[in-house]
Each structure stands twice: as C-alpha cells, then as structure tokens.
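Trainee: Please find the sequence and the predicted model below.
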2 protein chains.
Amino acid sequence: MLEEFFQPKTIAVIGASRETHKVGHQIFKNLLGNVAAGFIPPVGTDRPPYKVYPVNPKTNEILGVKTYPSIKEIPEKIDLVVIVIPTEFVAQTLIDCGERGTKAVIIITAGFKEIGGEGYKREQQILEIARKYGIRILGPNCLGLLNPHYFLNASFVSFLPKKGEIAFISQSGALCSAVLDWAKAEEVGFSKFVSLGNKADLNEIDFLLSLVDDEETKVILAYLEGIENGQKFIRIAKEVTKKKSVIVLKPGKTAGGKKAISSHTGTLAGMEQAYEAAFKQAGIIRAESMEELFDYGLVFAYQPLPKGKRVAIITNAGGPGIMATDQIESLGLQLAFFQEETITFLRNNLPSQANIYNPVDVLGDAPAKRYKLALEALIKDENVDAIVVLLTPQAVSEVEQTGEIIVQLAKEANKPILACFMGEAGVEKTRKFLNQNKIPNYAYPERAIACVKALVEYKNWREEASASSQLISPPGMIISTEEKRKAEEVLTKVKKEKRLNLIDLEINEILSLYGFKFPKSGLAKADEEAVSLAEGIGYPVALKISSPEILHKTDFGGVRLNLTNKDAVRDAFEAMVLRSKKFFPEAEIYGCLVQEMVEKGKEVILGLHRDVQFGPLVMFGLGGIYVEVLKDISFRVAPFSLEEAKEMMKEIKGYPLLQGIRGEKGVDLDLLAALIMNLSQLALDFTEIMELDINPLFVYPVRNGGLSHGVNKEPIVVDAKLTIKIE
Amino acid sequence: MLEEFFQPKTIAVIGASRETHKVGHQIFKNLLGNVAAGFIPPVGTDRPPYKVYPVNPKTNEILGVKTYPSIKEIPEKIDLVVIVIPTEFVAQTLIDCGERGTKAVIIITAGFKEIGGEGYKREQQILEIARKYGIRILGPNCLGLLNPHYFLNASFVSFLPKKGEIAFISQSGALCSAVLDWAKAEEVGFSKFVSLGNKADLNEIDFLLSLVDDEETKVILAYLEGIENGQKFIRIAKEVTKKKSVIVLKPGKTAGGKKAISSHTGTLAGMEQAYEAAFKQAGIIRAESMEELFDYGLVFAYQPLPKGKRVAIITNAGGPGIMATDQIESLGLQLAFFQEETITFLRNNLPSQANIYNPVDVLGDAPAKRYKLALEALIKDENVDAIVVLLTPQAVSEVEQTGEIIVQLAKEANKPILACFMGEAGVEKTRKFLNQNKIPNYAYPERAIACVKALVEYKNWREEASASSQLISPPGMIISTEEKRKAEEVLTKVKKEKRLNLIDLEINEILSLYGFKFPKSGLAKADEEAVSLAEGIGYPVALKISSPEILHKTDFGGVRLNLTNKDAVRDAFEAMVLRSKKFFPEAEIYGCLVQEMVEKGKEVILGLHRDVQFGPLVMFGLGGIYVEVLKDISFRVAPFSLEEAKEMMKEIKGYPLLQGIRGEKGVDLDLLAALIMNLSQLALDFTEIMELDINPLFVYPVRNGGLSHGVNKEPIVVDAKLTIKIE
C-alpha cells in the first residue's frame, strides 16, 4: 500500500528552487543527492532507481538538472509529486497533477487548516480536487517522508537515517527533526519516516494499514495530537497490533495540554479517558514521554518478545541492581528464581563473594569473561524470560568486550536481552556498538526494566487478542429486534416533542428493554393518585418529581424517601409540586413518580458519554464518594467484548469491594458485566444518545454465583438520567 | 569539619604498590598525579600543596617516590591515611596511625561487615581502635573521596572531575564510577565526592554536617541504601535543608529491593513509609531514579530558586510545547499568564503565525534572535517565575547562538532558566556549552518541567521551615507530668506480668490520659455483673471478650453489638466466654467488657509502629475499606509539628470526606490533629510501645468549628490494640 509514496519510480518537485536557503532547494537536493549517490536496488529486485524532475517556470536548471515549467511538460508519468509553492497556487497545481495521472502528492506548503478560517476552506478545496482525480495527499503543512531502505528523502530534513526496523509517523514536524538528530548520533536506523502534517487526506490509519505488511518495519512509533476517526482507528489498530507492535505518544492529557494542541494544529483533542481506553482496546502501547517512545521503540525493534515476566539481572554494581529489583517489583514483573543447575554453575564459576542469586552480582572487578559465564547460564535457564545486563564502568571493567559478548550471545538467545551500560565517556562507543548490533541500551536500570514491562504487556495482548472474542452481550442477555424497536419508539416520541432530556418513565422503559431492572413504580398526576399507587406498591415508598426540565432533583427537595403512610405521601406530593413550580416556573411538571423503596445494595455507577473522536464511551465505577472524591472509574469505547467489560471492572481500585471483603459475599460480576455490554449495545443502537448516567445501580451479593437471571437478586437502577441530541 | 579528609596537608597511602593493576598503585598515582600536575592553592590562601607518602615495606620507591616501610617511619605527622592492605593487617595499621597522631583514615580494604560473620567482628574491632585514638574513619569497603577544588583524588577512580557546586555522597562505589564517567563526558563539575562504603564510623549525617557550611557546595546529592540513625538524621537534615538543598536516591521501596539491599551491604532497610515520611519531614528532595537524581542536581547547582510556580515555555516546535504544558499541569505547576506588556511586545516583534501566549511558539524557522526577543520579554515579566527554553534542531535553527543567548540572559535573570535542546548530533556541543555555563539542559521537556517542580517544592519547604513550629501538642492538649506518670504505672504493671499485649481497660486508661475519649464501659467477670453494668450504662450496649491473648476478637464472635436487653447481654456473655475457651484454651479470660453503643461517626484509623531505623512512625487514615482496600494512609515520624499533623491528614485521598462533601459538615480537624500530636507524644514518652492501633476512631461533624473540647462531639475510640516490648 502507498507504494507510490514509498517507492516511486519518478518524482517531481514542484517549486524546486535555485536559492539554497529555500525549502524547495533542500528537498530537490535531498532527492537528487540520493540518486546521485547511486541508488542500489533492493536485493532480489531489478527495480531501477527513481528519477527526479525539478519543476520551476522561472529557471532552466537547478543543480545541473534541466527544469520544467510545469508538470504538464514532463515527458513521462510522475509517480510522486512534492509540492513546495505558495499556498495560493497549490490547488491549480494539484489539478495539473491529476490531469497528468499522478496519484501520490506530498504537500509541504503551509497555510491551510492550521491557520483556521480561509486556510480551512483551502484545505477543503484541495481535498475535493484530490477526490476527483483519485489523488492521495500527504500533508499539507508537513516535512515530507523518508524511506531509508529505498534511499528516498522526500523531505526538507537534510539527513537520511540508516536503514532500520523502526517506522515513525509524526503529527509534529519539529519532533521529526529532533528524532532524526538523535538517531544520527546514536546510530539508530528507520524503515519509514513520515511527517503527517494536517492530515487532510492520509492519516495515521492509512499508514498503519500500509506499514502492517511492510517487511522492513518491525515496530511502528507514532506521535499523534489527535485521531481522525476513533472507531475506525480502534478497529484497524486492533488488527495491526496483532501482527506488529504500535507505540503511541499522545500528549494533551491535561486541560492545558489540550488547549495547546488546539492552538497548535487546530486538532480537536477529545477526552483523555477515551484515548486511554481506545489505546488499551486496540493493543497500543502508550508512551508517556518522548523518552519512553524511543526507549520502547528500540527494544521492540531489536529484541524478541519474552515468554513470561520473569526477569534476571546481571550487574557489576550492587546499587543499580537494587534499583532494577525495585522497578521489577513496582511494575508487577517478577525477579526470576533460577533453576538449580544455574545456581550450582554460578556458585562453581563466580568468585565466592559474588551474588549467585538474582540479581547476579559479578562484582566490581568483573572482566568480560565473568559476564559471559553469567549471561550464558541465564540464557540457558528456562526460569528466565528476559535478561537485563547492568554495567558501571569501573577501574578494571572491560566495557567493549562485555558489549561484544552480549551481542554474540544474544543472537542465539531467543529471549530479550537489554543492556544498561551506565555513565557516558567510558561507555559511549559501546553504546553505539550495541545499537548497531540490535541490543538496546538504557542509561538507567529503571528505564530498561520499564521496557521489559512493555514487552511483557504486548506479549500478553498478542495472546489475548488472538483468542477472538465476541463484541455482543452474552447469551440470554442479547437484545432482540423487537426490544430495540420498542426503545426506538420511545426515543422517536421524545424527539418529536423536541425534548433533549427523557423523564424517568421513559428512561425506565428503554433501560428495561435493555435488561435493567427498576423498582416498582408509577406516575401520579395528583396526590390521591400517588396514595393509591403507594398502597398498590406497599409502604415504604419514595416520591420523585417528574419533569423533563428538572435534572438535579435532590438539590431542592424533589426526592423524598421512606414515606411510610398515605399522609406522608400526600404531604410530600403537594410540597414537592409546589416547590418545583416555585423553583422552575417554566418547567412542565408531569407529576410525581411513586416508587418502591428497594433494599440498599452496593452502589455502582454506569455511564455513557459520546466522545467527539471515539463515539460511545462507557464508564464504570463504584457510586457515591468513590466516583466523586476518589475518581475511581474506568472506561471503554463501545463496542467491546465481555472479557473487556470484566477487565473494566477489575481496573477500579475498589474492585475488591465487589468481590467481597472480610468474608462477605461478592456481587454477581457476570451479571454486571452483561449489563455493561447491554449499555454498550444501547449506545451503538442509538447514536442520538449523548449522555446516560445510571447512578446508583444497586447490586447485591450472589446467592449461587454465575450469570443467573432469577437466581441472584438482580441489580436495580435507583436513578438514571438520559440526554439525547436532535439532528 | 572533616578538614583533614578534604584538605589534608600530608597524606600517606599504606599499601601503595608498584604493580600497576593494583588498587594501591592507582590511588597513589592519582594522588601523586595531582601533586605532580602542580597544586594551585585556593585564591586568598597560602596553603601549601599536600605531600604524599607511599608506605610499602617490600619496595624502596614507587613512581620515583621513596617509600616508607611503615607510617611510623614517616618523619612528619600525617593528616590523612589511605589504607589499601589485606583485611587482616588493617587493625594493627590503624593502631600505628593512632600512635602517630593521625585523625583521618580512609579504609579502602573490603572484607568487613558486608561479608557478615567474621567481617562484622573485624569492623567492630577497628571501630574500637578508632574510638580509642580519636580517629575518624571513612569506609571500610569504599572507593575513597575526591575534592576537585583541592585537586585531591584520594580514590581509585582514575578521573578527577572538574570543580563544581555539586557534592555527591554514595553508599555504592560502583555508582560513583558511573557518575564520574557521565560527568566527564558532560563537563559536569563537583565540589566533593565521597564513597561511604560500610559507614563503620563516618556516615551521611557527618557529611551533611560537613557540607552544609562548605562554600564550594551548593547542592548535596546522596545515594543511600539505609540510614544509620533515623531520628538524628531527620533532626540534622532538617537544619541542613534550611540552608542547602539535599537530594537523595534511596532504593529498596519494594520487598525485593529491600532484600537486594541487605544482601548487598548488610544494611537493614526499614519501612519504605518511614523513609518517605522522614525525607518529607526533613525537607529532603527524593529522587525516584538515578536520572532524577542528576536532573535535579544540575538545576539546584546552577539555577536560583523560583519565587512561585508559574512557568513559561519558549519553543520552536508545537509538539514538545504541548508535552511541557501537560507536564506543568500534571505536576501541579501553573502555566504563567503573561502581563499585558509582554503580550503586546511579543505581538509586535514575533511573526504573525507565532503563538504569543504561553507556550510561546517562535516557530520552526526561528533564528537565535527570535529566541532572544522572547526570552528577554519573559525574564522581565513579573508573572513568570521560571522559564524552560525548548529547541528542536531544524533546518535553519541557530543552535549554538541560541545557547549563547540563554547563557547571556540567564546571568541577570534572577529566575531559573532551564534548557531542553532535543536531539543529539546537532545539539551535543551546545549541551556541553550550556553545562559549562550553568544552564541545565534536559533531553526531554517532561524532565525539565519535573526539575522546576523540584525547585518550587524546595522553595516552599524553605519558607515553611523558616516559620519555626513547635513539636508539641497544642495548648489545652498538653500531657501533664502527672498524666504521664499514671500511664507509666499501667505499663509498669503490664511489664511486671511479662505481658506484651495490653487488655482493653489498660489501653483505655493510657489513651484516656493522652486525651482520647472512650465509650462508657466496665469489665464484667460474670453474666450477672454484665447485666448490671449494662443497666447502668443504658441499652443498647456492646460486649467484647477481654483477654490479653485474644487480639482479633471479631473473627470468632468475640464482639457483639447492639444488645438491647438483659437476656441478650446474658446470652452473649455466656456464649462468648464459652467460645473463647474453646478456641483459645490457653488464654486467660478476664471476662467481658460491657460498652456503651456509640453514635456511628466517620471511621478514622490512627496507628503507631516502631521502625527499626526511624523509631516511632505514626499512621493516619480513614478506617475500614479505605485502609484495607485502598491503602489510603499517610505517615509521619514522631516528633512532628501540629502543621505536619494537619498535612498528614490532607495527604490522604479521602480527605474531602473529612472536610465534608455534598453539603454535609466536616469533622473537627483541629481536634483530630491534636489527638495525632498526643499519639506522637505517647510514642516518645514510652519507647516500649511497639505497636498501637486505634481502629476505628469515630469522629463527628463539627458544630462550631475549631479546637473546642466540650463544644463539638469528641472523637471516640471504638477499638484499640497496644503491644509493648519487654527489655
């Protein structure tokens, strides 16, 4: 996919310039430089090198190459066009490209969506042209792209990195520069390097699809400020991550960061919780900083996945060994417990003062040979899933030889080996050597261990993802077409009345169709009706004001609980209606809802919010103070599987309260998961639902365990709010 | 202090060797090298260079210098002796040093406490010799020390770093090597460099005291695996940090890390919570990794403290600006809001596409001059407390000139300025230049912002610490001598009976003397007595088994609540005593405690644990599931101030529950803080108290606010356990 971008046979630079300080000069020079330097076709192919044509109507030659006044004059079809001309000429040039049959265009030029207003319109215009001619566009407002395996530098970055396994796609051009500069010094190679710019046409989804089957790419790194189509992104990324690791840095976690994003590229940022959930569901490894992005990138590019989470440490220094151990435990990994043979071998071969248990301390005076002994033993040990080799350069340390030994042994190891050669002056050379030979090196033990953690998590994801799971409710809880139709009727009626908020009875009806239970209740329009409903339900009852305009009922006394006789019901009804009319003179009062007082259960909250990028975001948490004070909640983007619904419950810190602590019985978690699935289904069935809050849902201890309608006491919705949009 | 260690006039190396691979050769060469290189006396002094004598009975000269067979033969008094001879000869040599009047000795030799058993005894022996002669010892089992300002390298590290403002003391010799290696490459200087080794005599406390008034030291960095005397450490460090910043890396946070520490140096690790609390109370900045240790070290060495937490960003790249903004907000700092003049100036002087609000985006094509304009404006702006300058090396970036401008402007800035020049190849030279000129540079924006956060926290500490605060209970809650004496009587009685656990009535008595209230109660030895006590207290009552051997009463039904009549009391008494005898046939049963049922309040837990390193550790948390499931607890080492007791309460996540949420009244926090102070006092008064758990303490909403015995309903201890030790 996108072959004309990554392996074009003919390229034209429109806006190529003779003036050396101009971007149009740099790009042409970059392309020419690679051709001039002699293009070597990939092994096993006879593909010819690409040709580069400069287009500039005001001159005859640039850097010794004949120019063409326009693309129309170039005698052959052009695979890839790079446009670097003033904004106002881009549209017409794009038409010319279309007429000449070019299908791949990089627009370097800025002045589009990122400046708002007029720029936004211009971007729409070029997009329409592109659609008309079937042209795919990278950019505008981007740096271009690089394909080191094809000696292609179609960007204005003056440096083409060496060939490697890492693909990098970035929504920030400046970050590309910094990364290439770092790669240059550290001898890190890349497979593809793409500056996304404004993403008018091609975006992260296109490149994920293009890179997933790219043989030269082993890991995909991305810096993204926003995601174009959240639902599609999750669907595609989920398939991609089953084959290749994808690591994403997505800033904008805080309100300030979001604001900065929108002023930077005009990207809508969406809810942080939605990104967090989406990345998790798509198996994407999220980097929290640039440092993590590249730390992870290296280890995924260079090393195999571990079989498990048992980590071994070899060190010539106690302190760093301790720090590594701390990090292993903090991150939920495990300090490997060696096999008997390993311990015996180490005891017989290391000096008596060495620590032969994990972390293995080969002592400060360890020569390379001693590292070799230890490393060989741990590679053989089946109780060891990953190895981190620590070294501080001490008086007698053989830094280079130790590096060579790691490189040598890692080749046959079949388990990830990471290095942490600390210091700088004494290890710089070896660090580069390690990079060249696919051993990632980290300046500090904590970072190396964090990388092992990322490997383990990805390995777990691969295993889980391959067990294909259904994205629908479990049997017995599936919503029928008839149920859906009935819910639709309710919503249609509400929309007809141009209301955004549903009243209790409507919410009850819809949620009941989707498997939720409610207390017995009825709407009373007058006090005597309230009394007769109460007598039917049985005392005690609760009374709640019913009005589409009144959302926060408790604040002004719109809810009365535990009414035990008819006088109390009558008084409450009258007082409530009176107060409502006083506080909300404009509100339409339907009457009062008379409700059964239900047995108090554990409070759970289920919510639904429609995110601007990802669509339906389902929330789960324990109710009351857990949500309000402790913010102990978890999220998933619908659709998701039953397993994911269960994961979602496990994620909250208060999960043990649902399982039951201090000998008390837990609640029916299967049933709760099924209800979450139904909520997700509801969100997918009706895109007009914008917000839904079930708070609280009372859940009760299990009697017999398991998903069991009618056996366990089913959860009861005590209160719910639902808001829709009207197109 | 410790002048003979840091500025000796005469030095002897005992165990100096001709064999170049030996440590004794390297140390002598290091010392000689610096003398030979020409010692330059510090400006304003006429101190002569130091002289170095090699001691070795088996040779006549080493590196051209005449050797002496023993220290006794050296014609002049030796200020500092470095010992590098086999373990078994160290003791006698130390005696020789003592006889010759030497007061400062570095023992490089290993084979002492760190190997356990015999080694432990040897260490005791040399310590006794040292005490006898008034010798201070650094080590044994250490690398030595360095004082770059005095051209002194009394270690076997072959490199003397340049002069600087950072003092580094380390319990890991290997870490010293790594740090020096890094410092060499990055042009980072040091004031003092100390490898602590086994800390037989001199430890972190001695060096803190020595460095606090050292004019060459601006910041003290330490890597510590354990602390020798926790109480003294806090007391001293608290005074030191009022003058100088102290940054500590202390691994061993996890059980695995602790185990690794004890197998590394034989250091007892103590509770992580005690370290966390102690560092906080002492104003120590805790680094979470080596990376943070040096990140912080540089900024504290190079830059002034900020006045507040308002941070400004200048960047030539949007992405990193967003990441910086995210980090500012995540860490609780504030994105500075510029003055009107600044915005006007930036609007008039930066290109129209630049972002003139914070983060200031000077755009990808920014030359050095544009950075200068922005930086000058932000330095002048009084709404800006700290500035972070981000740069990614792009096509037209003037990296070196931009670095020069920062250096120039920072000199007069009077607010901290940090750099974040990303990449490597294109910025390496400038990064070193910045280091040389006291501008700390960080590879990633997140790290730079974390450093600003550390500066702000330290600045806050300095201000708080200078407001001297009392470490005793507030007026009205101070424990009298008489009250203390009465509590002592109870404990004396328990100790006489050789019991470790106190029974309820004894705990009630002691805690009552220290200001805690209890439900009305009495001990019943027979059922009828229980009934009559219950009638006196008034129904409902609670019954609890009373036995020093039964600690977890609820587990087997040793507690019954809400007994409403005499039959219920009688039944409960009999059943409880019967069960107790069945489950604990060996236990002495005193009877049952009959207790008033108290109004349910918010559950709080107060605890006391005697830590091996720091002594009395006081715990605070919300009771029940908050402690058990959410681990939402905070700690302080006694003694502490009333302000610290209040901080301790604020630290827990559930604090809003104590303040009152959703319109409900908060609890009397002053009164609660006073009780915490009294608990701390109890711990200090009676060192035999090992564990005390008040769980739960019921606390009630305020009526009138403020510390007000008799006005607000006072907290009531519902249950408490107390364990002592008997010498």
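Mentor: Sure thing, it's come through. Just so you know, these numbers come straight off a predicted model, no measurement behind them. Residues are numbered from 1 along each chain as shown, chains lettered A, B, ... in the order given.
Trainee: Give me the below-cutoff pLDDT ranges for the stretch 1-150 of chain A.
Mentor: A:35-48 (pLDDT under 70).
Trainee: For it, which residues are neighbours of chain B?
Mentor: A:21, A:23, A:26, A:115 (CB under 8 Å from any CB of the partner chain). (Each C-beta comes from the backbone N, C-alpha and C, glycine too.)
Trainee: Emit the PyMOL select command for whichever of those are buried.
Mentor: Applying 16 or more other CB atoms under 10 Å in any protein chain shown to the residues of the stretch 1-150 of chain A next to chain B, the buried members can be selected in PyMOL as follows:
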select buried, chain A and resi 23+26+115
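Trainee: need the residues of the stretch 1-150 of chain A next to chain B in a markdown table with distance to residue A:431 and secondary structure, can you?
Mentor: Shown next, in a markdown table, are those (distance: CB to CB, whole Å; DSSP: H, G, I helix; E, B strand; the rest coil):
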| residue | distance to residue A:431 | secondary structure |
| --- | --- | --- |
| A:21 | 35 | coil |
| A:23 | 34 | helix |
| A:26 | 31 | helix |
| A:115 | 42 | helix |
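Trainee: which one of the residues of the stretch 1-150 of chain A next to chain B is nearest residue A:393?
Mentor: Using CB to CB, residue A:26 comes nearest to residue A:393 of the residues of the stretch 1-150 of chain A next to chain B, at 40.5 Å.
Trainee: need the contact list for residue A:18.
Mentor: Each residue near residue A:18 by CB atoms under 8 Å, 6 or more residues apart in numbering or on different chains is listed here: A:25, A:56, A:59, A:62.
Trainee: Secondary structure element for it, which one?
Mentor: Using DSSP states H and E, residue A:18 sits within no helix or strand.
Trainee: Please report phi then psi for it.
Mentor: Phi and psi for residue A:18, reported as degrees, to the nearest 10, are phi -80, psi -20.
Trainee: Next: residue A:236.
Mentor: Dihedral angles for residue A:236 - degrees, to the nearest 10 - are phi -70, psi -50.
Trainee: related to what we said a few turns ago, of the contacts of residue A:18, closest to residue A:179?
Mentor: Distances from residue A:179 to the contacts of residue A:18, taken by CB to CB, are shortest for residue A:25, at 23.3 Å.
Trainee: quick one: the helix or strand harbouring residue A:325 near chain B?
Mentor: Residue A:325 is located in helix A:318-330, with elements delineated by DSSP H and E. Yes. If you take CB under 8 Å from any CB as the test, helix A:318-330 does meet chain B, through A:318-323, A:325-326, A:328-330.
Trainee: May I see the buried residues of that helix?
Mentor: In helix A:318-330, counting by 16+ other CB under 10 Å, buried: A:318-330.
Trainee: Ok, stretch A:158-171 next?
Mentor: Going by 16+ other CB under 10 Å, stretch A:158-171 has these buried residues: A:160-161, A:164-171.
Trainee: Report the secondary structure element holding residue A:645.
Mentor: helix A:642-651.
Trainee: Which strands or helices does that helix pack on?
Mentor: strand A:615-622, strand A:633-637, helix A:669-685 (3 or more CB pairs under 8 Å, 6 or more residues apart in numbering or on different chains; DSSP states H and E).
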